[in-house]
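Colleague: dropping a prediction and its sequence here:
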Amino acid sequence: MHMIQIGKHDHVGSFLRTDAIKDARKAYINDELTAEALRHVEDVEIEKLVKKQIDLGIKAITDGEFRRSWFMHDFFWGLEGVSFEAVEKGYDFVGQTTRAESFKVTDKISFGNHEMVNDLKFLADVVEKYGDGSQFAKYTIPAPTMFFQRVISEKEKEIYPNIEVLAADLIKVYQDAIQAFYDAGCRYLQFDECILSALDDPKLASIMENFTGLKLTDTTNLFVRVIKESLKNKPEDMIVATHMCKGNYKSAYLYTSGYETVSTYFDELGYDVYLLEYDDERSGGFEPLANIKNEDTQVVLGVVTSKTPELEDAHAMKEKVKAASEYFPLERLVISPQCGFASTEEGNSLSEEEQWGKMEHIIKLSNEIW
């Protein structure tokens with residue numbers, strides 16, 4: 001069995017929602033459109049998006065997360081034992097506050113008959129329809145640690161009296177998810193991570209200690225174990241990657257944290273690919289890449305920002321890659337945007353044309369570097 005080759009350029013997954021998607025979702029929320037009609041619009045727009053990616057020369061093809069409102073909540077809402085929750089206040093980003101939506105545990109959690117498996121099947125079929133065989137479907141879901149970013153209700157405390165019991169069921173959810181997506185044809189699955197990647201930020205560290213009831217070191221060890229166990233039975237010919245983020249909402253960020261601490265766990269975690277933000281000084285230097293000793297691991301450098309429309313200077317980007325190659329082999333480096341273009345349906349502060357300009361810029365840079 002052989003893994004697919006992701007090439008020298010990649011992307012995090014989400015793209016700006018088209019006007020047709022926005023209008024259809026608004027109509028659906030206002031009871032002016034049925035769920036079936038909404039899905040038809042999504043199908044049409046995803047087909048267009050797939051063709052656009054293929055035409056640009058992208059190999060890892062996503063559905064842009066067009067069927068989702070949030071990069072993470074929708075996946076959790078689809079689990080057995082989890083439901084939507086309206087909360088008093090959204091997440092406080094730097095200069096922005098999100099919609100006041102979250103998720104809550106109402107029963108023992110399980111992967112169940114998750115609708116996103118069907119979403120992946122649709123994507124894979126469309127990629128096969130329009131591709132030449134060199135492209136492949138890439139699917140994104142939140143990392144298991146993202147399940148800990150919420151408020152615990154009294155009802156949940158009855159269901160899960162301690163964090164270890166919850167962790168055991170969460171691991172099973174992700175083991176089942178990996179197998180279900182694999183059986184549906186997925187060979188490139190990405191876990192989007194905003195917790196383990198930012199625990200050096202004191203604000204997040206405090207939140208996570210309160211959630212787990214553990215000290216930071218024990219909390220970190222718990223999170224590492226949950227990921228390791230989730231990946232334990234991963235099929236050999238399936239890539240499971242992680243995008244390590246510090247928040248992305250309407251071009252605003254949430255945390256400031258380098259990779260000094262988390263990189264010491266990279267070999268232990270078991271991911272095949274690490275997509276790392278490196279678009280500004282918040283992410284620190286490239287020195288932590290030297291902590292990766294596994295010779296099969298690839299690193300995707302997010303050197304081009306998805307938050308602003310301006311194209312980065314090509315020479316400066318090449319110099320960044322050169323600097324990174326002092327700590328990690330150039331042949332196992334890849335470049336991409338630093339994050340998705342629309343981690344939530346609101347999207348970042350740039351146009352669709354500017355978004356595609358960013359992707360073209362990345363592809364051109366990768367061709368010149370390698």
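Modeller: Cool, got the structure.
Colleague: so which bits of stretch 208-217 are buried?
Modeller: By neighbour count on 16 or more other Cβ atoms under 10 Å, the buried set for stretch 208-217 is Met208, Phe211, Thr212, Leu216. (Glycine included, C-beta is placed from N, CA and C.)
Colleague: residue contacts, Glu277?
Modeller: Each residue near Glu277 by Cβ atoms under 8 Å, 6 or more residues apart in numbering is listed here: Met244, Cys245, Lys246, Ser283, Gly302, Gln338, Cys339.
Colleague: ok so, going back, tell me which two of the buried residues of stretch 208-217 sit farthest apart.
Modeller: Phe211 and Leu216 (11.7 Å; Cβ to Cβ).
Colleague: that older thread, I'd like to know which of the contacts of Glu277 are part of helices.
Modeller: Per DSSP state H, helices hold no members of the contacts of Glu277.
Colleague: contact partners of whatever helix or strand Ile21 lives in?
Modeller: Element membership for Ile21, per DSSP states H and E: helix 19-29. Applying Cβ under 8 Å, 6+ apart, the contact partners of helix 19-29 are 17, 33-35, 37-38, 41-42, 44-45, 66, 69, 345.
Colleague: 6 Å instead?
Modeller: Applying Cβ atoms under 6 Å, 6 or more residues apart in numbering, the contact partners of helix 19-29 are Leu33, Leu38, Val41, Glu45, Phe66.
Colleague: ok so, going back, so can I have JSON lines of the buried residues of stretch 208-217 showing secondary structure and pLDDT?
Modeller: Shown next, in JSON lines, are the buried residues of stretch 208-217 (DSSP: H, G, I helix; E, B strand; the rest coil; pLDDT from 0 to 100):
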{"residue": "Met208", "secondary structure": "helix", "pLDDT": "83"}
{"residue": "Phe211", "secondary structure": "helix", "pLDDT": "83"}
{"residue": "Thr212", "secondary structure": "helix", "pLDDT": "88"}
{"residue": "Leu216", "secondary structure": "helix", "pLDDT": "89"}
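Colleague: all strands for the protein, in order.
Modeller: 60-61, 80-86, 92-93, 96-97, 101-110, 136-142, 188-193, 239-244, 273-277, 298-304, 333-337 (DSSP state E).
Colleague: quick one, which of the contacts of helix 19-29 are buried?
Modeller: Among the contacts of helix 19-29, those buried by neighbour count (16+ other Cβ under 10 Å) are Leu33, Leu38, Val41, Glu45, Phe66.
Colleague: of these, closest to Phe191?
Modeller: Phe66 (19.6 Å).
Colleague: doesn't Ile46 make contact with that closest one?
Modeller: Yes: if you go by Cβ atoms under 6 Å, Phe66 and Ile46 touch, sitting 5.4 Å apart.
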